[in-house]
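Participant: Okay, sequence plus prediction incoming.
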Amino acid sequence: MVKYMLNHQLDLMFQALSDPSRRSMVERLCRGPASVSELAKPLAMSLPAVVQHLQVLEKSGLVSTSKQGRTRTCQIEPVALRTAEQWITERRTSWERKLDRLGDFLEEER
């Protein structure tokens, strides 16, 4: 069950990151919290469209939002980024080991 939940969370994260506008928002939020209007400023889309993108990022766990007065502030969720980073690192490490073994084999065959 835990593995299913992790895979589901990774699916949501990678789906969220598949869109260039959402990646742009994540990149901006990596520099620090921002309001929805600040995130919308460089994007060529309506504020409601930005909010929809943010909902996808929130559902994936990559971003959280809080509201103070009339301002909704967004921030990155580092734990979610670490989860994706760990998954990618595990895949990369596995392939590096395989390539190292192949390299060793090819050296022995010379």
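Facilitator: That came in fine, so what should we check first?
Participant: Burial check on Leu10, number of neighbours?
Facilitator: Using other Cβ atoms under 10 Å, Leu10 has 18 neighbouring residues. Bear in mind the C-beta positions are built from the backbone N, C-alpha and C, glycine included.
Participant: can you tell me the helix or strand for it?
Facilitator: For Leu10, the element it lies in under DSSP states H and E is helix 2-17.
Participant: Tell me the gap between that helix and the middle of its chain.
Facilitator: 10 Å (Cα atoms, centre = their mean, to the nearest Å).
Participant: do the same with stretch 13-29
Facilitator: Using Cα atoms, centre = their mean, the mean C-alpha position of stretch 13-29 is found 6 Å from that of the whole chain.
Participant: Return the alpha-carbon coordinates of the helix holding Leu10 using CSV.
Facilitator: This file holds the C-alpha atoms of helix 2-17, laid out as CSV (Å, rounded to 0.1, in the frame of the first residue of the first chain):
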residue,chain,number,x,y,z
VAL,A,2,2.8,2.4,0.8
LYS,A,3,4.5,1.7,-2.5
TYR,A,4,1.2,2.4,-4.3
MET,A,5,0.8,5.7,-2.5
LEU,A,6,4.4,6.7,-3.3
ASN,A,7,3.9,5.8,-7.0
HIS,A,8,0.6,7.7,-7.1
GLN,A,9,2.2,10.8,-5.5
LEU,A,10,5.1,10.6,-8.0
ASP,A,11,2.6,10.3,-10.9
LEU,A,12,0.9,13.5,-9.6
MET,A,13,4.2,15.3,-9.3
PHE,A,14,5.5,14.4,-12.7
GLN,A,15,2.1,15.1,-14.3
ALA,A,16,2.2,18.6,-12.6
LEU,A,17,5.7,19.2,-13.8
